[in-house]
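Asks: Show me how the following folds:
(chains A and B)
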Amino acid sequence: MPSAPCPTPKIMISLQNIEKVYRTSTIETLALNNINLDIKKGEFVSIMGPSGCGKSTLLNVMGLLDEPSSGTVQLDGQPVMKYTDKELAKLRNQKIGFIFQSFHLINDLTVLDNVEIPLLYRSTNGKPRQEYAKEALAKVGLSNRMKHFPKQLSGGQKQRVAIARAIVGNPDIILADEPTGNLDSAMGNEIMTILQDLNKEGATIVMVTHDEQMAKRTHRLIRLFDGTQVL
Amino acid sequence: MLLNYIKIAWKVLLRHPFYTFITLFGISLTLTVLMVLTSFLDHLIGSHYPETKRDRTLYVMQMHLQDSSRTSSSNGPMSFKFLTDYAKSLKTAERVTITTFINSSNAYVGSQKIKLNTKFTDADFWQVTSFEFLEGKPYNEQNIANGDNVAVITDDFKKHYFENSSEPVVGKDVEIENIHYKVIGVVKASPVTRPFTYADVFFPYTAPKSNYQGTGMRGGYVAMILGKDKADLPAIQEEFQSHIDRIPLPIIQDGTKFAVMDVKSVPYLENFLGSILNGNPGMKAIFFGIIFFVLFMLMGLPAINLVNINVSRIMERASEIGIRKAFGAPIRTLMWQFIVENIFITFIGGAIALILTFIVIHLINTSGMIAYADLTINLYVFVISIVVCLLFGLLSGVLPALRMSKLNIAEALKS
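Replies: Just a heads-up that it's a prediction; the model follows:
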């Protein structure tokens, strides 16, 4: 008996003819040039390229943090180009979790309060909000640091808090901008393992990296050069 | 969410103690000035001891007379007879009292002169007002009919006049302007800012030197008309006006013929402003305009300053703003966060201002700058202060919040 055909995984992020131009009064810089890219649900994709080639800009466009100058962005099948600020905020809140190279934790809040941030904008009540945040922290092995402040943590711990914050809302997509860039190799490996585990659980992950070894641990590599996709 | 905002606001305050000091200093100083000012205005025009029924009392303080050529006019209090004929006879009023405004006198303790203020009043004065009798009782109609030389004195005068002020003084003699009076009662004094009730010594109007027998229109007396209810005041005013309208014109006063006569019974605030502004309605608009301008400057300038500090401080929180936006905070929510934070800071300033106001008010009350001053922070003053805090917080928070919430996320995260 012939086996049933494998269903084609659905496209989670779709970029078509994306261009991003930065303009000042004297100069125009083309940061992204005609990018066409589909990322399927459950994929773990890495983006590499030399500094200034547009990797972070591409990630920002995917994460709805920045608007392209032209082209269309679809997230989970929804074209977002005409979305209002409120609709974009809602989409980011429900679909995307971000991890940044410099962690971007709010130093004035405890670890637990930092992790709760995405849930604040979902109107999740206080008690369940705390429970979800504690679960996320347990997942990254930081249950014992809930009451600490970011300044009391090591770089690796900070990045794990940032991962907990990214996953607390159970988003479909995780966008990581050089998540191991500020960490030593041991810590970097640890973070990469957590990301791989999240991917195995179903998250679609796009990661910008400079590290070939880290990129090899992902499903697919995209290379950029001067704003153009070369691989 | 609110708790999260307040936590952040508190941490931001602790982050730069010097900035925080400047901010809170500005807010609390401004609010202190406003609260003391409000308390003083309330002291001036609110219903307080011994004029606790001000809200249902009308005041008749001035008569305005003018000749037909408008070359001479006469302004001032009225005669006892005039007020008896036209105010005392009001049927819609609960009670009417006629009293002199303020008369200056001297008394002597040994060789030491005591300057004092006296009032001649009728017996109803003690019913219309709410003086607290520490000793004795007020004089009554019988004392007045008998022409008794009796006096009600204040506790402060008692302290100055009698050597042993702890002993009761009812029945003792006081000598004022070479006339002996028997003390019949001692009351807690009324502040100098309430001229209808302020005096050191009160005499029945039939006592010597009261000039109550004058037959002209003008004299040294004013009246307070007490209504049964606040709602009765318009009817009382109408009846009083109808009495006045019946007076045949022209009238002759001190040999001058006056074709115009104007006397009004008005609530305290109107009377107070009328006396400040000489009753000119156009001037009232200017007066309120100036008050509004002063309040605006008092609140507006520090608010603009605070906006400036807030805008520059907000830029150092760009990363936080970027993060919140990235994780789903819409512009409106972020604006609210910053406004709530600002209001929280303003309320801290408000709390400091409240303490400072208590201290300033205590100093005013005890310094003797205003005789018998009893400035307070009552519920009314407190509610006004809260509203002022809210306004101030909004004024200084909206613009920085608007600027911050429009930050581009990617740019904010780079900072």
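
Asks: Pick out the residue in the stretch 1-150 of chain B sitting closest to chain A.
Replies: Nearest residue of the stretch 1-150 of chain B to chain A (Cβ to the nearest Cβ) works out as B:K11 at 3.3 Å. Every residue, glycine included, has its C-beta placed from N, CA and C.

Asks: is it true that that residue touches A:D108?
Replies: Yes - if you go by Cβ atoms under 8 Å, B:K11 and A:D108 touch, sitting 3.3 Å apart.

Asks: With neighbour numbers in mind, choose between these two.
Replies: Neighbours around B:K11 and A:D108, counted as other Cβ atoms under 10 Å in any protein chain shown, are more numerous at A:D108. The numbers are 20 against 14.

Asks: The more buried one: which element?
Replies: Remark: A:D108 resides in no helix or strand, with elements defined by DSSP states H and E.

Asks: show me what contacts it?
Replies: Shown in contact with A:D108 (Cβ atoms under 8 Å, 6 or more residues apart in numbering or on different chains): A:149, B:7-8, B:11-12, B:15.

Asks: quick revisit: how about the residue of the stretch 1-150 of chain B closest to chain A, secondary structure?
Replies: helix (DSSP: H, G, I helix; E, B strand; the rest coil).

Asks: Spatially, what comes nearest to B:Q127 if we skip its sequence neighbours?
Replies: Nearest non-adjacent residue to B:Q127, counting by Cβ to Cβ, 6 or more residues apart in numbering or on different chains: B:R95, 5.4 Å away.

Asks: Mind listing the residues bridging to that neighbour?
Replies: Counting by DSSP bridges, B:R95 forms beta bridges with B:L226.

Asks: Contact residues of chain A facing chain B?
Replies: Within chain A, the positions near chain B by Cβ under 8 Å from any Cβ of the partner chain are A:57, A:60, A:63, A:65-66, A:85-86, A:89-90, A:92-94, A:98, A:100, A:104, A:106, A:108-109, A:113, A:116-118, A:120-122, A:126, A:165, A:169.

Asks: that older thread, can you name the two of the contacts of A:D108 that sit furthest apart?
Replies: Taking Cβ to Cβ as the measure, the contacts of A:D108 span a maximum distance of 14.2 Å, between A:F149 and B:V12.

Asks: Name the residue in these two with the higher neighbour count.
Replies: Shown here are A:F149 and B:V12; by other Cβ under 10 Å, B:V12 has more neighbours (20 against 17).

Asks: Please verify my assumption that that one contacts B:F338.
Replies: No - between B:V12 and B:F338 there is no contact under Cβ under 8 Å: 10.2 Å.

Asks: joint contacts of the two?
Replies: If you check B:V12 and B:F338 against Cβ under 8 Å, 6+ apart, no residue is contacted by both.

Asks: Would you enumerate the residues in contact with the closest residue to chain B within chain A?
Replies: Nearest to chain B in chain A, going by Cβ to the nearest Cβ, is A:N93, at a distance of 2.4 Å. For A:N93, the contact set (Cβ under 8 Å, 6+ apart) comprises A:118, A:121-122, A:169, B:327-328.

Asks: Kindly report the same for B:H64.
Replies: So B:H64 contacts B:73-75, B:260-263, B:279 (Cβ under 8 Å, 6+ apart).

Asks: Pick out whichever of those residues sits closest to A:E178.
Replies: Of all the contacts of B:H64, B:G279 has the smallest distance to A:E178: 78.0 Å, by Cβ to Cβ.

Asks: Chain A contacts on chain B?
Replies: B:1, B:3-4, B:7-8, B:11-12, B:15, B:319-320, B:322-333, B:408-410, B:413.

Asks: Which of the residues you listed fall within strands?
Replies: Among these, DSSP state E puts none in strands.

Asks: Filter these down to the buried ones.
Replies: If you count burial by 16 or more other Cβ atoms under 10 Å in any protein chain shown, the buried members of the residues of chain B next to chain A come out as B:1, B:4, B:8, B:12, B:319-320, B:322-331, B:333, B:409-410, B:413.

Asks: what secondary structure does A:M187 sit in?
Replies: Put simply, A:M187 is helix when judged by three-state DSSP.

Asks: Give me the distance between the nearest residue to B:G219 once chain neighbours are set aside and B:Q62.
Replies: Leaving aside its chain neighbours, B:G219 sits nearest to B:S79 (3.2 Å; criterion: Cβ to Cβ, 6+ apart). Per Cβ to Cβ, to the nearest Å, B:S79 is found 13 Å from B:Q62.

Asks: what is the mean pLDDT for the helix or strand B:N308 falls within?
Replies: Assigned by DSSP H and E, B:N308 belongs to helix B:281-315. Averaging pLDDT along helix B:281-315 gives 76.

Asks: same for that helix, what does it pack against?
Replies: Packing partners of helix B:281-315 (3 or more Cβ pairs under 8 Å, 6 or more residues apart in numbering or on different chains; DSSP states H and E): helix B:17-45, helix B:268-277, helix B:379-405.
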